[in-house]
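Peer 1: Build me a structure from this.
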Amino acid sequence: MRYVLVLLLGVLVGAVLVYIFFVGAPRARQAVGEPVRAPDPSGPPPGTAVVELDEQFFNTLLGTIFQEVGQPTFRLASAAPGGAGRAEYVRAQAGGCPNQVVLTPEGGGVRTGVRLVNNQMLAPLAFTGSYSLGQCINFRGTAEASIDLRFDQAAQTLYGQLNVAGVTLEGMSPLLSGLITVFVQNAINQRVNPLTLMSGEQISLSVPVQAAGGTLRARAADIRSDIQNGKLRLHITYDFGGAKGAPR
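Peer 2: Residues are numbered from 1 along each chain as shown. As a prediction, this is how the structure comes out:
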């Protein structure tokens, strides 16, 4: 019995060391921009436009990515710069056991998509993957995630910050499920973020006014958001300016 306990302890310690060596200790990735707040109860300021996006828009976008671009894939481990760790990582990849998690359209009774409920952007995810840990471990499961919106005024970019709150693995022993859960959660949280939702010409405006011989320009000064009846409403407040001559 003592031998079994020592063996199990050795496996767990080894797994933790492998995680720290290949992936790195868990760390919070610094979010970009400022959190997007709710609209002012007193009403929008002058120069505010409202953009409305529903669940069907997001899910059609994701469906197109899966069908025409491919399944998003994220590596679970970073190759060490050299030495035995690097060699072991290369052997694992060459042996047909890539250390990665792959988002899939559906699985485990969950369809990957976006849900707009209770003033939240929720993102149920289905995934498969594999990891080389002495032997090739194949896994599949689902994750519960949410998306927080952030706006970088200087970059004129609206970002989404994906936060994985929970991971459920199918048919995996408790000994390994905790470790794989950390791998998956780290891969999605650290390697997906930040998500660029809108940027550049999608937010800023530059409109030639030929009759006046100039250009009307508008930069987003602030973005607020709310979710109502399954729709995300972006309240974009602009600073307007004009310039004579052709746009540059």
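
Peer 1: show me where pLDDT drops low in the chain?
Peer 2: 1-30, 77-95, 246-248 (pLDDT under 70).

Peer 1: Counting residues, which strand of it comes out longest?
Peer 2: When the chain is parsed with DSSP state E, its longest strand is strand 135-152.

Peer 1: Pull out the CA atoms of whichever helix or strand comes after it and give them to me as CSV.
Peer 2: Using DSSP states H and E, the helix or strand that follows strand 135-152 in sequence is strand 157-169. Coordinates of each C-alpha in strand 157-169 appear next as CSV, following Å, rounded to 0.1, in the frame of the first residue of the first chain:
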residue,chain,number,x,y,z
THR,A,157,-10.5,48.5,-31.2
LEU,A,158,-13.2,46.6,-29.3
TYR,A,159,-11.8,43.4,-27.7
GLY,A,160,-13.4,40.4,-26.2
GLN,A,161,-11.8,38.7,-23.1
LEU,A,162,-12.7,35.0,-23.0
ASN,A,163,-12.9,33.6,-19.5
VAL,A,164,-13.2,29.8,-19.0
ALA,A,165,-15.0,29.2,-15.8
GLY,A,166,-15.3,25.4,-15.9
VAL,A,167,-14.1,22.4,-17.9
THR,A,168,-15.8,19.0,-18.1
LEU,A,169,-13.9,16.0,-19.5
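
Peer 1: buried sites along strand 157-169?
Peer 2: Neighbour-count burial for strand 157-169, counted by 16 or more other Cβ atoms under 10 Å, picks out 157, 158, 159, 160, 161, 162, 163, 164, 167, 169. Bear in mind the C-beta positions are built from the backbone N, C-alpha and C, glycine included.

Peer 1: Relative to the whole chain's centre, how far out is the longest strand of the chain?
Peer 2: Averaging C-alpha positions (Cα atoms, centre = their mean, to the nearest Å) puts strand 135-152 7 Å from its chain's average.

Peer 1: Direction included, what does that strand pair up with?
Peer 2: strand 34-35 (antiparallel), strand 120-133 (antiparallel), strand 157-169 (antiparallel) (DSSP bridges).

Peer 1: Those into JSON lines, with extra columns for distance to residue 206?
Peer 2: Shown next, in JSON lines, are the strands paired with strand 135-152 (distance: least, Cβ to Cβ, whole Å):
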{"stretch": "strand 34-35", "distance to residue 206": "24"}
{"stretch": "strand 120-133", "distance to residue 206": "29"}
{"stretch": "strand 157-169", "distance to residue 206": "16"}
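
Peer 1: Ok, which of those comes nearest residue 226?
Peer 2: Among the strands paired with strand 135-152, strand 120-133 comes nearest to residue 226, with 11.0 Å by Cβ to Cβ.

Peer 1: can you pull the buried residues of the closest one?
Peer 2: 121, 123, 124, 125, 126, 127, 128, 129, 130, 131, 132, 133.

Peer 1: ok, now stretch 132-144?
Peer 2: So, applying 16+ other Cβ under 10 Å, buried residues of stretch 132-144: 132, 133, 137, 139, 140, 141, 142, 143.

Peer 1: picking up where we left off before, any idea which of the buried residues of strand 157-169 is closest to residue 236?
Peer 2: residue 158 (8.8 Å).

Peer 1: Report the contact partners of the closest one.
Peer 2: Contacts for residue 158 (Cβ atoms under 8 Å, 6 or more residues apart in numbering) come out as 33, 36, 149, 150, 151, 196, 197, 198, 199, 203, 223, 234.

Peer 1: got a winner among those residues for most neighbours?
Peer 2: For those, the largest neighbour count, defined by other Cβ atoms under 10 Å, is 26 neighbours, found at residue 151.

Peer 1: Within the helices and strands, which one has residue 182?
Peer 2: Using DSSP H and E, residue 182 falls within helix 174-192.
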